[in-house]
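Participant: got a sequence here, can you build the structure:
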Amino acid sequence: MPAASAGPVHHIALAVADLERALRFYTETLGLRATLRMRIAGAPYERLLRLPPGTTGEVAFVQGPPRVGQIELIQWSEPDGARARAATRPTADGTSPLLSFSVTEPLSEWHARLTAAGAPCWSDPIELELPDYGPIEAFIAEDPDGHSVELVRLPSEEQVRAFRAGEAQIGPPVSPPIA
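Facilitator: Numbers count the residues shown, from 1 in each chain. Below is the predicted model:
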């Protein structure tokens, strides 16, 4: 009997300092859609999430076209009603979580869009060659809470096959990625 396997990533949760500000970034700047809003509170959530008694959360989910791969944005409040800190602030040293989005448009357009929205970008788009995969293009920016957000253009399945076969690559990377 084969071992059980977890399915695709359903969602990742990010603590944010200001839910409305985070929602604007993920919907207006990145173009994701808001799908669900709710308030979480009470003993079941406190037990599940190891929250101090009385802690509440305002939650919004955002996602791209598929039903899986959502981002859950949570603004926590202390029992006295004060806003809790978002979390330990992410750092730009490669040790913090990174959200990566595959895009098909030129990364120069995305870089300009994020820069215009005030998102700090760590660099201009950079081309990298991944072993046994081929060239990709990527850059990293920060959301309003400092979470790292990568935008990446990946090679087509045909480009990956050609790269693996040692054939010349034609054109820039494009999405969707090969599994």
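
Participant: show me the domain layout of this structure.
Facilitator: Per automatic domain parsing, the structural domains of the chain span 11-77, 98-164.

Participant: span of the first one from start to end?
Facilitator: Read that as domain 11-77. End-to-end distance of domain 11-77: 22 Å, with Cα to Cα, to the nearest Å as the criterion.

Participant: quick revisit: can you redo the domains of the chain as CSV with mean pLDDT?
Facilitator: CSV is the format used below for these (pLDDT from 0 to 100):
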stretch, mean pLDDT
domain 11-77, 92
domain 98-164, 91
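
Participant: what's the closest of the ones you listed to Ser5?
Facilitator: Ser5 lies closest, by Cβ to Cβ, to one member of the domains of the chain: domain 11-77, at 14.5 Å. Where you see a C-beta, it was placed from the backbone N, CA and C, and this is true even at glycine.

Participant: and the closest one, how far from the chain's centre?
Facilitator: Centre-to-centre, domain 11-77 and its host chain are 13 Å apart (Cα atoms, centre = their mean, to the nearest Å).

Participant: all further residue positions should be reported with the first residue as 859.
Facilitator: I'll keep to 859 as the first residue from here, and by that count the last item is domain 869-935.

Participant: check which helix or strand covers the residue most central in space within the chain.
Facilitator: The residue lying closest to the centre of the chain (Cα atoms, centre = their mean) is Leu957, at 2.9 Å. Assigned by DSSP states H and E, Leu957 falls within strand 956-960.
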